[in-house]
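**Student:** When you get a sec, could you give me coordinates for this:
(one chain, ligands or ions: 1)
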Amino acid sequence: MQNAASEIHELFEQFVVPSYARFDLVLERGEGSYVWDVGGRRYLDLGGGIAVCTLGHANPEITGTLAEQSQKLIHVSNLYYTEPQARLAKRIVDLIAPGRVFFCNSGAEANEGLFKLARKFGHDEGRYEIITAVDSFHGRTLAGIAATGQEKVKKGFEPIVPGFKQIPFNDLEAMRAAITKSTAAILIEAIQGESGITIATPEYLVGLRKLCDEHNLLLLLDEVQAGHFRTGKFHSWQRILEDGDFDFLPDGISMAKALGGGFPIGAFWVREKFGGLLSAGTHASTFGGTPLACAVAERILDVIEREDLMANARRIGDFLVDRLRRIQGKYPRVMSDVRGLGLMIGIEFEPKLSTFTNEEKSPAIQIVNRLHEKGVLTVPAATSVIRLLPPLNSSESEAVEGLHAIKNVVDELNG
Ligand SMILES: *Cc1c(COP(=O)(O)O)cnc(C)c1O
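**Tutor:** Residues are numbered from 1 along each chain as shown. As a prediction, this is how the structure comes out:
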């Protein structure tokens, strides 16, 4: 079986654009929280395809809906009406607040829609600028990398799309000072994912809302990674603000990753007041909101609600964070922080450990590799954080299995 893996490697080396630094695993099939490689080895998948596989792998309700809907109608274009898109739009609006939904295929495309919304909103007053946060991530299109607050994604792709600037996250005064007469919108992640799980404070979110009201700006949230019940509420801002009596509603929200549980679909919601800004002919996507994608997404919502998976995400997430903090307490020299909400968890490691022997690879990558050896998949973030983004239907015994592997790796690193 080693041959199958090395042949696949060779095909990649010859024929696939080398834009990803892939891990040395060739995965073949999955079931629930587990995947198997071509050699037949099983892994516990705590990365969930980077917060995508809402219900785990090969979920029978997803595959059943895929089969059923594909036999009926896969695609007709947005020249026509279809029932699944109508129903899914209503479901999403019901989970947020009165508004409208536009469907697309990815997170970057959902954000692109929000950028166009902001430009349209400010256009007649000559306002176009969108302020985003340092260490944010908003996708890999040209405007997406302009919005993203990380130099490494921009490098080599200059000139950068104009009209974006970044200021420090969770810093209301910096945001206030950054607003100019050209500013049209503010876009942030309520939980920054790619840069290592950093949670916005309730005061920050509420303060941004106030700033936007004072300056007539759109407040846009990128819930592509943190959304879809991962934190125990539909969107992470709803979880962050759940304990207070806050008068808070964003003007636009992007979604993607978990929406289709692995089947590609993205969307943005826009508040009713601005629902007409993108009028006929101003925005479009050939594949956006196909009957197939929307039927799958609706079925996922059914399962999440029927099985109360938001409560499960909260319960298993709390359990993981509690146990991880105990490990941190035992190994403070190795693990410097554990943070997260629900099943969006970041574990920060001390980057200067002598046991990080490979100078070419970041500590995060070295830890992820060590966890692969123990049969567990996780996702690196920043240089020394690993992320857990497992399916919302993860069980406590799977969490225990993951914790066991993490503890073993931490013990090894402790030397
Ligand atoms: C993954 C991600 C994106 C980009 O989504 P794609 O589907 O890869 O285009 C945008 N924003 C955030 C917060 C993300 O995590």
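
**Student:** where do the helices sit along the stretch 1-150 of the chain?
**Tutor:** 2-15, 48-51, 60-72, 83-95, 107-122, 142-147 (DSSP state H, counting those that start in this stretch).

**Student:** how about the residues of this structure that lie near the ligand?
**Tutor:** Contacts of the chain with the ligand, taken as C-beta under 6 Å from any ligand atom, map to 106-108, 111, 137-139, 189, 193-194, 222, 224-225, 256-257. Every residue, glycine included, has its C-beta placed from N, CA and C.

**Student:** now for these, which pair is the farthest apart?
**Tutor:** Within the residues of the chain next to the ligand, two members stand farthest from each other by C-beta to C-beta: 106 and 189, at 15.8 Å.

**Student:** Counting neighbours, go ahead and name the busier of those two.
**Tutor:** Comparing residue 106 with residue 189 by neighbour count (other C-beta atoms under 10 Å), the higher total belongs to residue 189, at 29 against 21.

**Student:** got the contact list for residue 387?
**Tutor:** With contact set as C-beta atoms under 8 Å, 6 or more residues apart in numbering, residue 387 has these partners: 47, 193, 196-197, 344-347, 378-381.

**Student:** Could you say which one of the helices of the stretch 1-150 of the chain comes nearest to residue 247?
**Tutor:** Smallest distance to residue 247 across the helices of the stretch 1-150 of the chain (C-beta to C-beta): 18.8 Å, for helix 83-95.

**Student:** Give me the buried positions along the closest one.
**Tutor:** Buried residues in helix 83-95, defined by neighbour count with 16 or more other C-beta atoms under 10 Å: 84-85, 88-89, 91-93, 95.

**Student:** mind putting those in CSV, pLDDT and distance to residue 264 included?
**Tutor:** Below are these laid out as CSV (pLDDT from 0 to 100; distance: C-beta to C-beta, whole Å):
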residue, pLDDT, distance to residue 264
84, 98, 15
85, 98, 15
88, 98, 14
89, 99, 17
91, 98, 18
92, 98, 16
93, 98, 21
95, 98, 20
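
**Student:** on that earlier part again, adding distance to residue 369, write the helices of the stretch 1-150 of the chain out as JSON lines.
**Tutor:** Below are the helices of the stretch 1-150 of the chain laid out as JSON lines (distance: least, C-beta to C-beta, whole Å):
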{"stretch": "helix 2-15", "distance to residue 369": "16"}
{"stretch": "helix 48-51", "distance to residue 369": "17"}
{"stretch": "helix 60-72", "distance to residue 369": "30"}
{"stretch": "helix 83-95", "distance to residue 369": "38"}
{"stretch": "helix 107-122", "distance to residue 369": "26"}
{"stretch": "helix 142-147", "distance to residue 369": "27"}
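
**Student:** can you tell which of those is closest to residue 211?
**Tutor:** helix 107-122 (14.9 Å).

**Student:** And the residue nearest the centre of the chain, what's its pLDDT?
**Tutor:** In the chain, the residue lying closest to the centroid (C-alpha atoms, centre = their mean) is residue 225, at 1.3 Å. Note on residue 225: pLDDT of 98.

**Student:** is it true that it touches residue 344?
**Tutor:** Yes: at 7.4 Å, residue 225 and residue 344 qualify as touching, with contact defined as C-beta atoms under 8 Å.

**Student:** Mutual contacts of these two, please.
**Tutor:** Both residue 225 and residue 344 are in contact with 51, 191, 193, 389, where contact means C-beta under 8 Å, 6+ apart.

**Student:** Could you write me a PyMOL select line covering just the buried ones among those?
**Tutor:** Those of those that count as buried under 16+ other C-beta under 10 Å are selected in PyMOL with:
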select buried, resi 51+191+193+389
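
**Student:** of all the shared contacts of residue 225 and residue 344, which comes closest to the ligand?
**Tutor:** Lowest distance from the ligand to the shared contacts of residue 225 and residue 344 (C-beta to the nearest ligand atom) belongs to residue 193, with 4.6 Å.

**Student:** so who does the closest residue to the closest one other than its chain neighbours touch?
**Tutor:** In space, and not counting its chain neighbours, residue 193 is closest to residue 225: 3.8 Å by C-beta to C-beta, 6 or more residues apart in numbering. By C-beta under 8 Å, 6+ apart, the contact list for residue 225 reads 50-51, 107, 137, 189, 191, 193-194, 257, 344, 389.
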